[in-house]
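**Q** please find the sequence and the predicted model below.
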Amino acid sequence: MSSKASGHSGPKLRLAEEGDAAFLTDLRNRLADNFLSPEPATLLKTRWMIAAGHSQTYILEVDGQRVGAFSLYGWEPGAASVEFGRFMLEPGVRGNGYGRIMLGHAIEKAREMGARTLRLVTKPGNVPARDLYEAAGFHVTKLSMELALD
């Protein structure tokens, strides 16, 4: 289906800007159960992450609306490995292939950076994400365990 014929614009990825910080913070906190860190995101830290340039954060827009995001970390020139993280997609738009689009873009960017590997960490119970990663060719390289003491 052509985006012109339907009146809809296709998905577009762009680098995050300071004006995206509130969206990123809110989305991260609404999807908190999918993240390893129990610490909520803050607007201050999100703004710092965008401005400091220690990561490349991308925003996915569909029909002009922000619906997802991801970040690439450790992208210094000559880095052997790049990390993929903060992979987030609004629940209402899942199942439309947007996750595959974002992951494909991350893989392409990591290759452009000259990285030999793209790493990520995910919760074992996040089956949809794990299935997506495995379909893209990712494989488990280590197992990490923890014991909650409270």
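**A** Nice, thanks for sending it over.

**Q** next structured bit after whichever helix in the chain runs longest?
**A** For the chain, the longest helix by residue count, based on DSSP state H, is helix 98-112. Under the assignment DSSP states H and E, the closest C-terminal helix or strand after helix 98-112 is strand 117-119.

**Q** which elements pack onto that next one?
**A** For strand 117-119, the packing partners by 3 or more Cβ pairs under 8 Å, 6 or more residues apart in numbering; DSSP states H and E come out as strand 81-89, helix 98-112. Where C-beta positions appear, they are placed from N, C-alpha and C, glycine not excepted.

**Q** Throw the ones you listed into TSV and include mean pLDDT, thanks.
**A** Below are these laid out as TSV (pLDDT from 0 to 100):
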stretch	mean pLDDT
strand 81-89	93
helix 98-112	94
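
**Q** quick one, strands of this structure?
**A** For the chain, the strands defined by DSSP state E cover 12-15, 55-62, 65-73, 81-89, 117-119.

**Q** Ala21 is nearest to which of these?
**A** strand 55-62 (9.7 Å; Cβ to Cβ).

**Q** helix 98-112 and the closest one, what's the angle between them?
**A** Orientation of strand 55-62 against helix 98-112 (axes from the mean of the first three to the mean of the last three Cα atoms, to 10 degrees) gives an angle of 140 degrees.

**Q** which parts of the longest helix of the chain are buried?
**A** Neighbour-count burial for helix 98-112, counted by 16 or more other Cβ atoms under 10 Å, picks out 98-99, 101-103, 105-107, 109-110.

**Q** list just the nearest of the residues you listed to Pro128.
**A** Closest approach between these and Pro128, by Cβ to Cβ: Gly99, at 8.0 Å.

**Q** any low-confidence regions in the protein?
**A** The chain contains residues with pLDDT under 70 at 1-8, 78.

**Q** recalculate using a threshold of 80.
**A** The model of the chain has pLDDT under 80 over residues 1-9, 53-54, 75-79, 143-146, 148, 150.

**Q** ok, how many other residues are close to the closest residue to Phe70 other than its chain neighbours?
**A** Nearest in space to Phe70, with sequence neighbours left out and distances taken as Cβ to Cβ, 6 or more residues apart in numbering, is Phe87 at 4.6 Å. The number of residues packed near Phe87 is 22, by other Cβ atoms under 10 Å.
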